[in-house]
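1. quick one, fold the following:
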Amino acid sequence: VLMAKCPKTGAVAIPFIIYGGYMLAGGSLYVFFLFLITGIVSELVMLRGGFASTVRSFVPPLLMTLSNAMGGTLTMLLFRDSMVQTYLAMGMDEAAADAALSAIEAFWLAPANILLAVVLATAGALVGYAVGCKLLKKHFRPAGAV
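-> Numbers count the residues shown, from 1 in each chain. Okay, the predicted model is just below:
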């Protein structure tokens with residue numbers, strides 16, 4: 001509805017910035033930057049006629065879903081030391097923090113599980129986008145909301 005109601009530069013980045021701000025408030029600086037970068041990429045995709053394109057207008061919801069699905073995984077993969085420090089600050093000793101992260105990484109960083117997360121997130125984004133387009137056409141446009 002946002003993209004249909006306001007097809008202007010900046011409108012697509014707003015949900016990414018809000019969600020990234022929520023992650024920043026939760027203490028996840030790296031995921032904030034992930035959402036900020038994907039918001040900028042989404043804006044670039046939508047430039048010059050992207051709002052009229054069915055395929056190009058699917059990119060922002062897909063990137064939002066993939067960023068949400070992969071944010072924690074990327075944090076574990078790229079910034080393991082900061083996660084250990086978080087556990088230490090919560091009162092764990094270093095051996096327990098390392099063992100906890102090793103157990104989490106064994107599942108979440110397995111290539112098959114990363115692939116499964118990406119496939120399921122993409123399928124969910126596609127279904128959500130299709131349902132949203134149908135609702136927009138069937139209910140929002142006839143009601144004059146768009």
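2. quick one: list the elements packing against the helix or strand hosting A106.
-> Taking DSSP states H and E as the criterion, A106 maps to helix 94-108. The contact analysis (3 or more Cβ pairs under 8 Å, 6 or more residues apart in numbering; DSSP states H and E) places helix 94-108 against helix 59-78, helix 80-89. Where C-beta positions appear, they are placed from N, C-alpha and C, glycine not excepted.
3. now stretch 8-19: buried residues?
-> Buried positions in stretch 8-19, judged by neighbour count with 16 or more other Cβ atoms under 10 Å: 11-13, 15-17, 19.
4. kindly report the same for stretch 77-95.
-> Buried residues in stretch 77-95, counted by 16+ other Cβ under 10 Å: 79, 83-84, 87.
5. chain center to it, what's the gap?
-> A distance of 24 Å separates the C-alpha centroid of stretch 77-95 from that of its chain, computed with Cα atoms, centre = their mean, to the nearest Å.
6. for stretch 110-122, same thing?
-> What separates the centre of stretch 110-122 from the centre of its chain is 14 Å, taken as Cα atoms, centre = their mean.
7. average model confidence for that stretch?
-> In this model, stretch 110-122 carries a mean pLDDT of 92.
8. stretch 54-71 now?
-> In this model, stretch 54-71 has a mean pLDDT of 85.
9. F35 contacts P15, correct?
-> No - if you go by Cβ atoms under 8 Å, F35 and P15 don't touch, sitting 9.0 Å apart.
10. what angle separates the longest helix along the chain from helix 59-78?
-> With DSSP state H applied, the helix covering the greatest number of residues in the chain is identified as helix 111-135. With axes from the mean of the first three to the mean of the last three Cα atoms, to 10 degrees as the basis, helix 111-135 and helix 59-78 are set at 160 degrees to each other.
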